[in-house]
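> for reference, the sequence and a predicted model appear below.
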Amino acid sequence: CYVHFRVYNEILVREKVFFPSFKNDFEASVGKLILKSTLKEQPSLLQDLASETTLNERLTNALVASDIVATLLQNKGLIDTWERSIPPDDDIEDW
C-alpha cells in the first residue's frame with residue numbers, strides 16, 4: 001500500500017497536482033497503523049518507556065524502543081535499512 005502511495009505521490013508531484021491534505025492524512029493513518037502493529041507485537045515498549053524516572057533512563061529506553069521499532073519495520077519490509085547515532089554523554093548532560 002505504501003509503495004503504491006509513494007509512486008502515485010511522485011507522479012502527482014511531477015505533474016504538480018496539489019494534494020497536501022490527502023498526503024498528510026494518509027501518512028498519519030499509515031503511521032498510526034504501524035504504531036498499533038508494533039505495539040501489538042511488542043507490548044512491553046509502552047511499559048519500558050513509562051517506567052523509568054531519570055532523563056538518562058528515558059533516553060536509553062527510547063533508543064532501545066526505536067531500535068526495536070526500526071528492526072520490526074525492516075523485518076516487515078517497510079524499510080530497507082536503518083541506523084541511529086548514539087549521542088555523546090556531553091549532549092545528554094546538556095539536556
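Yep, that arrived. Numbering: from 1, shown residues only.

> what count of nearby residues applies to residue 13?
12 (other CB atoms under 10 Å). Bear in mind the C-beta positions are built from the backbone N, C-alpha and C, glycine included.

> so which helix or strand takes in it?
For residue 13, the enclosing helix or strand under DSSP states H and E is helix 2-14.

> ok, residue 70 next?
Residue 70 belongs to helix 55-75, assigned by DSSP H and E.

> what mean pLDDT does the host helix or strand of residue 35 get?
Residue 35 belongs to helix 20-41 when assigned by DSSP H and E. For helix 20-41, mean pLDDT is 82.

> residues contacting that helix, please?
For helix 20-41, the surrounding residues in contact (CB atoms under 8 Å, 6 or more residues apart in numbering) are 1-2, 5, 9, 45-46, 68-69, 72-73, 78.

> and the two most separated of those residues?
9 and 46 (31.3 Å; CB to CB).

> neighbour count winner among these two?
The neighbour count for residue 9 versus residue 46, taken as other CB under 10 Å, is higher for residue 9 (17 against 11).

> hang on, the earlier thing: list the buried residues in the helix holding residue 35.
Using 16 or more other CB atoms under 10 Å as the test for burial, helix 20-41 gives 26, 34, 38.

> please identify the residue most distant from the middle of the protein.
For the chain, the largest distance from the centre (CA atoms, centre = their mean) belongs to residue 15, which lies 28.9 Å off.

> show me where pLDDT drops low in this structure?
Applying pLDDT under 70 to the chain flags residues 1, 46-52, 92, 94-95.
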